[in-house]
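Participant: Coordinates for the following, if possible.
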Amino acid sequence: MSLGPREQYRAWMREALELALRGRGEVEPNPRVGALAIREGRVVGRGWHRRWGGPHAEIEALADARYNGQGADTVVVTLEPCSTPPGVAGKKTPPCTAALIEAGVRRVVVGAQDPDPRHRAVGVAALEEAGIEVVDGVLADECRAINGPFERALGLDRPWTIAKYAMTLDGKTAAPTGESRWITGLDARREVHRLRASVDVVVVGFRTARTDDPELTVRHVDGPQPLRVVVDPWAELEERSKLVRTARDVPLLLFVSEDADPVRVDRLRELGVEIRAVRPAEGGRRLHLLDAWRGLRAERGARRVLVEGGGGLLAQLLAWDLVDQVIAYVAPKLVGGRFSPTPVGGAGKPFMAEAWGFDDVFVRMVGDDVAIGAFRRR
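Facilitator: Residues are numbered from 1 along each chain as shown. Predicted coordinates for the structure are as follows:
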């Protein structure tokens with residue numbers, strides 16, 4: 001027994017929703033979107049938004065159809081196709097409405113409208129103006145439900161912030177001696193480099209910069225180098241550190257207190273380090289990180305930030321409500337130690353009921369390690 005048109009649209013949309021969720025943890029703060037290319041009632045192409053800054057789901061589905069030697073008369077997509085050109089509001093890709101029109105699609109079946117009020121229904125109008133039939137609102141509630149992180153991001157005046165850390169099965173980020181190389185295996189470390197290449201900024205605190213002496217560059221994969229940032233209130237980063245020694249090759253920015261030693265600040269500037277003074281908080285030892293993060297968005301155009309440690313910095317960011325997404329790489333090891341560091345330092349929350357809440361959890365294997373991701377509960 002064949003399905004009626006509306007029932008068929010719903011069946012296709014369910015498959016598109018499953019595709020959309022494959023991008024979870026990879027595309028935020030952009031939306032998770034899945035799409036199907038249909039020809040004469042048969043699926044000939046499938047696509048989803050795979051990664052931040054990558055081709056949108058509709059483009060992937062049309063490309064898959066072409067790879068299969070097919071054109072599409074209908075496209076089913078979980079979110080209203082975008083109509084904004086590149087460069088507007090940080091957009092990196094061409095508008096999907098133009099691609100659908102150029103492909104000769106006659107019908108577009110849409111799940112949810114764009115939740116951004118600046119763009120809502122604009123894509124639908126562009127398609128209809130081009131003579132394309134639009135069937136709107138198919139499984140709309142389900143299509144909206146998968147994009148809670150996207151809707152959270154729309155209300156931010158700062159970059160989307162991902163906290164990443166590696167830990168053992170007993171929740172330690174280093175041995176009792178402070179030594180931490182290497183907690184995870186090569187596959188997980190390679191994935192972190194891919195993650196670095198997908199963000200605009202990578203951040204560590206001063207203690208992590210001093211203890212680990214990282215470069216914070218993209219090395220194990222091909223990709224662009226993000227801006228490197230150290231939260232260093234008193235401008236204490238050592239001149240012989242890898243970060244400072246490479247500052248003329250890969251940009252390095254220090255967030256320092258307005259009260260930092262001007263001699264130290266000037267010396268670091270001479271070595272190629274960029275300095276941004278941030279007003280102090282809590283007596284000067286800590287910085288007003290909300291101001292700093294807003295500056296990354298307003299002054300740098302940064303939309304996606306990766307924080308790689310340490311526990312003290314992560315505790316401060318949580319206190320400022322600046323963490324949107326967490327990725328924990330858990331290694332099958334135990335180190336023990338009463339004083340071994342854990343991912344989040346600081347005073348912590350006094351009661352479990354007050355814990356910072358996350359949801360939308362996903363789990364996957366990365367070599368012998370486990371990646372656990374979650375998103376800040378709205």
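
Participant: So residue 173, which state does it fall into?
Facilitator: Taken by DSSP: H, G, I helix; E, B strand; the rest coil, the conformation at residue 173 corresponds to coil.

Participant: how near is it to residue 131?
Facilitator: Distance of residue 173 to residue 131, computed by Cβ to Cβ, to the nearest Å: 58 Å. Quick note: C-beta positions are derived from backbone N, CA and C, even for glycine.

Participant: the more surrounded of those two?
Facilitator: The residue with more neighbours, out of residue 173 and residue 131 and counting by other Cβ atoms under 10 Å, is residue 173; that gives 24 against 8.

Participant: which residues does that one contact?
Facilitator: Residue 173 sits next to 165-167, 180, 183, 309-311, 340-343 when contact means Cβ atoms under 8 Å, 6 or more residues apart in numbering.

Participant: try it again with 7 Å
Facilitator: 165-167, 180, 311, 341-343 (Cβ atoms under 7 Å, 6 or more residues apart in numbering).

Participant: how many neighbours does the closest residue to residue 162 other than its chain neighbours have?
Facilitator: Sequence neighbours aside, residue 325 is the residue nearest to residue 162 in space, at 4.5 Å (criterion: Cβ to Cβ, 6 or more residues apart in numbering). Neighbour count of residue 325, defined by other Cβ under 10 Å: 23.

Participant: next one: phi and psi at residue 325?
Facilitator: When read as degrees, to the nearest 10, the backbone of residue 325 gives phi -150, psi 140.

Participant: Next: the one 10 residues further on.
Facilitator: Dihedral angles of residue 335 (phi, psi; degrees, to the nearest 10) stand at phi -120, psi -20.

Participant: how much space between it and residue 135?
Facilitator: Look at residue 335 and residue 135: by Cβ to Cβ, they are 56 Å apart.

Participant: Which neighbouring elements make contact with the helix or strand hosting residue 297?
Facilitator: Residue 297 is located in helix 289-300, with elements delineated by DSSP states H and E. On a contact count with 3 or more Cβ pairs under 7 Å, 6 or more residues apart in numbering; DSSP states H and E, helix 289-300 meets strand 274-278.

Participant: Paired strands for the strand it packs on, with orientation please.
Facilitator: Strand 274-278 pairs in its sheet with strand 252-257 (parallel), by DSSP bridges.

Participant: Show me what secondary structure element comes after the partner strand.
Facilitator: helix 262-270.

Participant: I'd like the average pLDDT over that next one.
Facilitator: For helix 262-270, mean pLDDT rounds to 97.

Participant: Show me what that helix is packed against.
Facilitator: Applying 3+ Cβ pairs under 7 Å, 6+ apart, one finds that helix 262-270 contacts strand 274-278.

Participant: any idea of the angle the strand it packs on forms with helix 262-270?
Facilitator: Relative orientation of strand 274-278 versus helix 262-270 (axes from the mean of the first three to the mean of the last three Cα atoms, to 10 degrees): 140 degrees.

Participant: Flag the shaky bits of the stretch 1-150 of the chain, pLDDT-wise.
Facilitator: The model of the stretch 1-150 of the chain has pLDDT under 70 over residues 1-4, 86-92.

Participant: Which residue ranges of it form strands?
Facilitator: 34-39, 42-48, 74-79, 107-112, 133-135 (DSSP state E, counting those that start in this stretch).

Participant: what residues does the third one touch?
Facilitator: Read it as strand 74-79. By Cβ under 7 Å, 6+ apart, strand 74-79 touches 9, 12-13, 16-17, 20, 31, 33-38, 57-58, 61, 100, 105-112, 114, 143.

Participant: Parallel or antiparallel, list what pairs with that strand.
Facilitator: strand 34-39 (antiparallel), strand 107-112 (parallel).

Participant: Pick the most deeply packed of these.
Facilitator: Sort those by mean neighbour count, taking mean count of other Cβ atoms under 10 Å, and strand 34-39 sits at the top with a mean of 26.

Participant: That strand vs strand 42-48, what angle?
Facilitator: Going by the same axes, to 10 degrees, strand 34-39 makes 160 degrees with strand 42-48.

Participant: one step back: residue 335 and residue 135: which is more packed in?
Facilitator: Between residue 335 and residue 135, counted using other Cβ under 10 Å, residue 335 has the larger neighbour count: 20 against 15.

Participant: The more buried one against residue 168, yeah?
Facilitator: Yes: taking Cβ atoms under 7 Å as the definition, residue 335 is a contact partner of residue 168 at 5.3 Å.

Participant: follow-up on the earlier one: only C-alpha atoms, please: export the helix holding residue 297 in CSV.
Facilitator: The C-alpha coordinates for helix 289-300 follow below in CSV (Å, rounded to 0.1, in the frame of the first residue of the first chain):
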residue,chain,number,x,y,z
LEU,A,289,36.1,37.0,31.3
LEU,A,290,32.7,38.0,30.0
ASP,A,291,34.3,41.3,28.8
ALA,A,292,37.1,39.3,27.2
TRP,A,293,34.8,36.9,25.4
ARG,A,294,32.6,39.7,24.1
GLY,A,295,35.8,41.3,22.8
LEU,A,296,36.7,38.2,20.9
ARG,A,297,33.3,38.4,19.1
ALA,A,298,33.2,42.2,18.6
GLU,A,299,36.9,42.8,17.8
ARG,A,300,37.9,39.6,16.1
